[in-house]
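Enquirer: I would like to see how this sequence folds:
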Amino acid sequence: MPSPRPIRAELGALLRLAFPLAVASAGQAAMGLVDAAVCGRAGAVVLAGAGLGNVLFLALAVAGMGLMMGLDPLVAQAFGAGDARGARRLLWQGTWLALGAGVLLALPWALVPLALRPLGIEDAVAREAGRFIWTRLPSLPALLFFVAAKSYLQGLGLTRAVLLSTVVANVVNLGLGLLFVFGGESLPGWAGPLRAIPPLGAAGSALANSSVTVVQALFLAAAVRAMRVEGGVTGQRRPRRGDILRAARVGAPIALHLAAEVGLFALVGFLAGRLGRAPLAAHQIAIALASTTFTFAVGIGSAGGVRVAWAVGAGDTALARRAGLTAFAAGAGVMAISGLGFFVLAVPLARLMTSDPSVAPVAATLLSVAAVFQISDGIQAVGAGVLRGAGDTRYTFGANMVGHWAVGLPVAIALGLGAGLGIIGLWWGLCAGLSAVAAALLLRFLRLSSRPITPLAAVAPFPAPESL
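Expert: Numbering: from 1, shown residues only. Okay, here's the model as predicted:
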């Protein structure tokens, strides 16, 4: 059994890496929280439309983001093995992958808004949601590049730029959100042409989000450009079929796993929309708040994944196991605190997010359900991160499919629709699915790290650097 000293040292190293990543992830979620608050002040229809549009956009975006996250273990393991030049080459290939995947994913998704009314969504909500999606889709390639650049920087252990980009994004998002959602008519005379901007509702929120995505992508691009690589990057920028396919092969199961998870949340959002605007608005508020706490677990999982990948790249499986288990413990501890906060502050938080008397009580009840699944949510987020660092991405996809779709969805339908519990029953289904996934991922890491872990580069070596 490891002595307390190595465990304390590992926890300190983990937290130093995790803190900026967790704050950055929380900052990303904070933008969603601010969006929900701004749209909530514009009325239940705008809030419901923006919430539904955002859920449907994220169902697509997370699949693309998961594909890009295949770079996480590849880059971090390359750094762990001392191959900085290979890691930079992977970033360039990720850039090409982001451009291609962003365009290919966005084009068919532009048809989704046309299906909302036939599927039973209220006309006014469907109109707002459609405008949100169409305004948000053009920024998808920039979003995917941001994920690629983040993978590179966190794999190197340099997370300050990621954190700063999120701070800048939150400031810009708040200003643009208020301007585009409500319009510029109330601005002072010196604002000039900004006063002519009309209220855009949900589409205004999407326009603010898209603008911020481009700003963040450019910020990280500048940070990467400022970094020097020994031996230079000459010849590293051309697209290389082998590297792109390799990143896509590692990332595809991550994309499917995230799509499975977010797809279930999107389906619950859709079912909430069929229950009426109040349940949908309450669902959006509770999701925004739960997503904010979840990002701390994501930050810990990302940091744990980097620590595990560095150890795997260096051929030290014992260190990889210690890093992973430390991350699990830290994630569970942080989420236990957030669960207590949701339980105690459910009503005040709901009233802070909306003034609609038909929405606030429902949102408060959903937050009480969220309090129950906080630890499970944290464990499954960390589990996905550390298994990704070990290069094991396929199992996570399978666990999410079984946990969310074979366990969570039937429970949600049985309680929410069969037993007549409505949106509350749907959320208990989410709780069941998250708990099943958490148990599966923890057991998988315990088994995987009990024997030597082979680096990805040894399993499928990089091909000769031929260009496409």
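Enquirer: from here on, just use CA atoms for contacts and neighbour counts.
Expert: OK.
Enquirer: show me what contacts residue 370?
Expert: 286, 290, 339, 342, 427, 431 (C-alpha atoms under 8 Å, 6 or more residues apart in numbering).
Enquirer: quick one: it and residue 112, what's the gap?
Expert: 29 Å (C-alpha to C-alpha, to the nearest Å).
Enquirer: quick one, helices of the stretch 351-468 of the chain?
Expert: 360-389, 394-400, 409-412, 423-448, 456-459 (DSSP state H, counting those that start in this stretch).
Enquirer: just to revisit the earlier point, Throw the contacts of residue 370 into CSV and include pLDDT, distance to residue 387 and neighbour count, thanks.
Expert: Output for the contacts of residue 370, formatted as CSV (pLDDT from 0 to 100; distance: C-alpha to C-alpha, whole Å; neighbours: other C-alpha atoms under 10 Å):
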residue, pLDDT, distance to residue 387, neighbour count
286, 85, 28, 28
290, 85, 23, 23
339, 90, 25, 22
342, 89, 29, 24
427, 89, 27, 28
431, 90, 22, 24
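Enquirer: for these, which one is nearest residue 296?
Expert: residue 290 (10.7 Å; C-alpha to C-alpha).
Enquirer: measure the closest one to residue 45 for me?
Expert: Distance of residue 290 to residue 45, computed by C-alpha to C-alpha: 22 Å.
Enquirer: reformat the helices of the stretch 351-468 of the chain as JSON lines; add distance to residue 122.
Expert: JSON lines is the format used below for these (distance: least, C-alpha to C-alpha, whole Å):
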{"stretch": "helix 360-389", "distance to residue 122": "20"}
{"stretch": "helix 394-400", "distance to residue 122": "31"}
{"stretch": "helix 409-412", "distance to residue 122": "22"}
{"stretch": "helix 423-448", "distance to residue 122": "17"}
{"stretch": "helix 456-459", "distance to residue 122": "49"}
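Enquirer: tell me which of those helices approaches residue 173 most closely.
Expert: The nearest among the helices of the stretch 351-468 of the chain, by C-alpha to C-alpha, is helix 360-389 at 24.3 Å.
Enquirer: list the buried residues of that closest one.
Expert: 360-389 (16 or more other C-alpha atoms under 10 Å).
Enquirer: equivalent analysis for stretch 389-409, please.
Expert: 389-405, 407-409.
Enquirer: picking that back up, the helices of the stretch 351-468 of the chain: lowest mean pLDDT?
Expert: Lowest mean pLDDT of the helices of the stretch 351-468 of the chain: helix 456-459, a mean of 64.
Enquirer: before we move on, back to that, nearest to residue 101, out of the helices of the stretch 351-468 of the chain?
Expert: It's helix 394-400; of these, that one is closest to residue 101 (C-alpha to C-alpha) at 19.6 Å.
Enquirer: which helices and strands sit right next to the closest one?
Expert: helix 241-275, helix 423-448 (3 or more C-alpha pairs under 8 Å, 6 or more residues apart in numbering; DSSP states H and E).
Enquirer: could you dump these into JSON lines and include distance to residue 145?
Expert: What follows is the helices and strands packed on helix 394-400, written out as JSON lines (distance: least, C-alpha to C-alpha, whole Å):
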{"stretch": "helix 241-275", "distance to residue 145": "14"}
{"stretch": "helix 423-448", "distance to residue 145": "28"}
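Enquirer: what's the closest of those to residue 324?
Expert: helix 423-448 (7.8 Å).
Enquirer: buried set for that closest one?
Expert: Result for helix 423-448 [16+ other C-alpha under 10 Å]: buried residues 423-442, 444-445.
Enquirer: also stretch 25-45?
Expert: Within stretch 25-45, the residues scored as buried using 16+ other C-alpha under 10 Å are 25-42, 44-45.
Enquirer: what's that stretch in contact with?
Expert: So stretch 25-45 is in contact with 46-47, 50-51, 124-125, 128, 166-167, 170, 173-174, 177-178, 181-182, 201-202, 205, 277-278, 281, 284-285, 288-289, 291-293, 295-296, 298-299, 353-356, going by C-alpha under 8 Å, 6+ apart.
Enquirer: could you look up the SS state of the most centrally placed residue in the chain?
Expert: Closest to where the C-alpha atoms of the chain average out (C-alpha atoms, centre = their mean) is residue 62, at 6.5 Å. What DSSP: H, G, I helix; E, B strand; the rest coil gives for residue 62 is helix.
Enquirer: that one is in contact with residue 262, isn't it?
Expert: Yes: Residue 62 lies in contact with residue 262 (C-alpha atoms under 8 Å); the separation is 7.5 Å.
Enquirer: rewinding a little: looking at the helices of the stretch 351-468 of the chain, spot the one closest to residue 347.
Expert: Nearest to residue 347, of all these, is helix 360-389, at 5.0 Å by C-alpha to C-alpha.
Enquirer: now do that closest one against helix 423-448, angle only.
Expert: Here helix 360-389 points in a direction 20 degrees away from that of helix 423-448 (axes from the mean of the first three to the mean of the last three C-alpha atoms, to 10 degrees).
Enquirer: low-scoring stretches of the stretch 51-200 of the chain, by residue?
Expert: 184-192, 194-196 (pLDDT under 70).
Enquirer: tell me where it has helices.
Expert: Going by DSSP H, counting those that start in this stretch, the stretch 51-200 of the chain shows helices at 71-80, 84-109, 123-136, 140-156, 160-182.
Enquirer: that older thread, which among the contacts of stretch 25-45 end up buried?
Expert: Among the contacts of stretch 25-45, the ones that count as buried (16+ other C-alpha under 10 Å) are 46-47, 50-51, 125, 128, 166-167, 170, 173-174, 177-178, 181-182, 201-202, 205, 277-278, 281, 284-285, 288-289, 291-293, 295-296, 298-299, 353-354, 356.
Enquirer: which ones are touching residue 97?
Expert: Counted by C-alpha under 8 Å, 6+ apart, residue 97 has contacts 68, 244, 248.
Enquirer: as CSV, those residues with neighbour count and distance to residue 349 would be great.
Expert: Listed next are the contacts of residue 97 as CSV, based on neighbours: other C-alpha atoms under 10 Å; distance: C-alpha to C-alpha, whole Å:
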residue, neighbour count, distance to residue 349
68, 31, 34
244, 20, 44
248, 22, 40
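Enquirer: now, which of these sits nearest residue 254?
Expert: residue 68 (8.8 Å).
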